[in-house]
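**Q** Next come a sequence and a model predicted from it.
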Amino acid sequence: MVRLTGSMTLKNTHQKKFNDLADSHFMSLQNDLRHFRVSTDPLYADFSLEDLFSRSIYYQKVKDSEKRQVFLIQTPDNDYFLKISHLIRDKDRFRHTILPQRKWAEWKNLKRLQRLGITAAEPIAKGSRPSPAPESFFILTKKINGRHVNGQALSEAKILGHYAALLHSRGIYHADLHPENIIIDPKNQPFLIDVQEVFSLHYLPRWLRIYNLGKFFFQLDLLHPIPSWMTEFLRSYNMDFKKSVSEEEIRKASGYHFHRRLRSRTNRCCKNSTEFEIVKEPRFKGYKKRNFNWGRQELVKALLEATSLKEDRVFRYHDVCIKIHPRKLFHRDRCFTSWKISRALEILDIPVPQAYAYFKMETKSYFLSELLIDSMTLNDYLSSLTNKREKRRAIIKFALWMKKIHDHQVRQSDFKSSNVLCKNGEYFMIDLDSVKIGRLTDKQRIINLAQLNASLSNMIACKDRLRFFYYYAAMDERSRNSRRNIYKKV
């Protein structure tokens, strides 16, 4: 990347241009594109890549992956995005063979949006190179000057409500609609970018519109929008439709997208990736983290030398905890459940001992995780705190930790104090095979709290238990009497 300071005059900028062209990556990019067959939009019939590169004053690689690179190229007149895609994987080549129209889907979508009067990035040129392998193609668009959606202004919500209604009323469905794919220019006009996954339908049913808006708000919630942003957005959006869409429907659709994304990211622990690895050996299979170097021999050795922690099911070997479960037909594999739940909780940023591997050997399965050395159970930790102020802080922190778990719709069917470990003032959930992630009802929440309350030591005074529930329910929107009724049930 070569950067030119904004204080340079145009004359100095052109003097610096030769340094840009001397950049090895920039020169390599130009050489690669010389082998592409290029076609331009009719509105830019006189456009050429050679002229673009000769006038460039700034070059930056914005995205770099094996399948796709994105470059930002600036000239004195305009800025451009160059997106180059490579068909590296067999499944990508097969997909483009049976669906050749996928190659120029983004180009066609941009042209379709132009015809419909919907503001989007402006296409300039496209090109392809069938050989040598891998097959590659690119699309060049003008950069939209502006900012991404941030959810911090009600005027922004009103504008985007109208814009989303325009998309849906004209049959446009963006399967990857999220704040990063919308740019708002200085005149407060939204522009759609990255339209690879845009589909044009004759009619967009109401359930599909809700599903699409749920995807947008699921991504927007990660930016923590102001509370009334959704209300203002839907007020503008519903003006163009007979039957209004409610906030409750959007939140329900957003929750569906959240759990779908969580399942997708969780399942990566059962695939080959940069972080995980599939293990396949004779009579020995499973999954493990790539930085964990155990195999069959290491596991057998560990089982011979390990120390039992809990009957014949949990063992300790150095700093590794080994959980064993017999595999039976029509029975759930508890170790495999622990492996997947551990990954899901890690994604949700809920502290658990680090998971290392899941193995199947003969008639048993094994779950290997980090052994929290010098940790204490919840009862022992709270009972060891003699200073009242420290104990109060620990209980408040535990209440907020418990609230975070329930806010993420996580429950443990056997939530007792011995299944919570404490180390250096942090709380960790263990015994993960009894953890479930899904819709958490009030009854299940009460049962969880009752299990925890019943298992706490008598050293924890009633005043401390009340303090726990006070901070646990501090942000609850229900009335004071409703919260009291819940505590009475607990």
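**A** In hand now; what should we look at?
**Q** Let's verify residue 213: helix, strand, or coil?
**A** Classification of residue 213 using DSSP: H, G, I helix; E, B strand; the rest coil returns helix.
**Q** so how far is residue 113 from it?
**A** For residue 213, the distance to residue 113 equals 19 Å [CB to CB, to the nearest Å]. Heads up, the C-betas are built off the backbone N, CA and C, glycines and all.
**Q** Going by secondary structure, residue 399 is in what exactly?
**A** helix 388-407 (DSSP states H and E).
**Q** which parts of that helix are buried?
**A** 391, 394, 395, 396, 398, 399, 400, 401, 402, 403, 405 (16 or more other CB atoms under 10 Å).
**Q** now for it, which elements pack on it?
**A** When contacts are defined as 3 or more CB pairs under 8 Å, 6 or more residues apart in numbering; DSSP states H and E, helix 388-407 sits against helix 378-384, strand 426-429, helix 442-455, helix 462-472.
**Q** could you redo the buried residues of helix 388-407 as CSV and give each row pLDDT and distance to residue 193?
**A** As requested, the buried residues of helix 388-407 are exported to CSV (pLDDT from 0 to 100; distance: CB to CB, whole Å):
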residue, pLDDT, distance to residue 193
391, 90, 53
394, 92, 48
395, 91, 48
396, 91, 44
398, 92, 45
399, 91, 43
400, 92, 39
401, 93, 39
402, 92, 41
403, 91, 38
405, 92, 37
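**Q** quick one: which of the helices and strands packed on helix 388-407 is nearest residue 202?
**A** Nearest to residue 202 among these is helix 442-455 (43.2 Å), distances taken as CB to CB.
**Q** Now do the buried residues in the closest one.
**A** For helix 442-455, the neighbour count (16+ other CB under 10 Å) marks 444, 445, 446, 447, 448, 449, 451, 452, 453, 455 as buried.
**Q** What of stretch 55-68?
**A** Neighbour-count burial for stretch 55-68 [16+ other CB under 10 Å]: 56, 57, 58, 59.
**Q** Filter those residues down to the ones in strands?
**A** 58, 59 (DSSP state E).
**Q** export the buried residues of stretch 55-68 to CSV and tack on pLDDT and distance to residue 145?
**A** What follows is the buried residues of stretch 55-68, written out as CSV (pLDDT from 0 to 100; distance: CB to CB, whole Å):
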residue, pLDDT, distance to residue 145
56, 88, 17
57, 86, 16
58, 86, 14
59, 83, 18
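**Q** which of the buried residues of stretch 55-68 sit farthest apart?
**A** Most distant of the buried residues of stretch 55-68, by CB to CB, are 57 and 59, 8.6 Å apart.
**Q** Where does pLDDT dip in this structure?
**A** The chain contains residues with pLDDT under 70 at 1-23, 477.
**Q** Please parse it into its domains.
**A** Listed by automatic domain parsing, the domain ranges of the chain are 10-142, 147-267, 271-370, 376-489.
**Q** now the longest one: how far from the chain's centre is it?
**A** The one in question is domain 10-142. Distance of domain 10-142 from the chain centroid (CA atoms, centre = their mean, to the nearest Å) equals 27 Å.
**Q** Likewise for stretch 329-344?
**A** Taking the mean of its C-alpha atoms, stretch 329-344 sits 22 Å from the chain's own mean (CA atoms, centre = their mean).
**Q** Then stretch 323-341?
**A** 27 Å.
**Q** ok, now stretch 230-247?
**A** Here the centre of mass of C-alpha atoms in stretch 230-247, compared against the chain's by CA atoms, centre = their mean, lies 27 Å away.
**Q** just the CA coordinates of it, formatted as CSV?
**A** The C-alpha trace of stretch 230-247 is given here as CSV (Å, rounded to 0.1, in the frame of the first residue of the first chain):
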residue,chain,number,x,y,z
MET,A,230,-36.3,0.4,15.4
THR,A,231,-39.6,2.2,16.2
GLU,A,232,-38.7,5.1,13.8
PHE,A,233,-37.5,2.7,11.1
LEU,A,234,-40.7,0.7,11.1
ARG,A,235,-42.9,3.8,11.2
SER,A,236,-41.3,4.9,7.9
TYR,A,237,-41.2,1.4,6.5
ASN,A,238,-44.9,0.6,7.2
MET,A,239,-46.2,3.7,5.4
ASP,A,240,-45.8,1.8,2.0
PHE,A,241,-47.7,-1.4,3.1
LYS,A,242,-51.2,-2.1,4.1
LYS,A,243,-50.4,-4.5,6.9
SER,A,244,-47.8,-3.2,9.3
VAL,A,245,-44.8,-5.1,10.6
SER,A,246,-44.4,-5.1,14.4
GLU,A,247,-41.3,-4.8,16.5
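**Q** which residues touch stretch 172-185?
**A** Stretch 172-185 is touched from outside by 113, 116, 118, 144-151, 156, 159-160, 163, 167, 190-201, 204, 208, 212, 215-216, 218-220, 223, with contacts defined as CB atoms under 8 Å, 6 or more residues apart in numbering.
**Q** how about 6 Å then?
**A** By CB atoms under 6 Å, 6 or more residues apart in numbering, the residues outside stretch 172-185 that reach it are 144, 146-149, 190-191, 193-194, 197-199, 201, 212, 215-216, 219-220.
**Q** Repeat that for stretch 266-280.
**A** So stretch 266-280 is in contact with 286, 287, 288, 290, 340, 343, 344, going by CB under 6 Å, 6+ apart.
**Q** and if you look at stretch 84-94?
**A** With CB under 6 Å, 6+ apart as the contact definition, stretch 84-94 has outside contacts at 66, 67, 68, 69, 96, 134, 135, 136, 137, 138.
**Q** Strands of the stretch 1-150 of the chain, residue ranges please.
**A** Secondary structure of the stretch 1-150 of the chain (DSSP state E, counting those that start in this stretch): strands located at 37-40, 58-64, 68-74, 79-86, 123-129, 136-142, 147-148.
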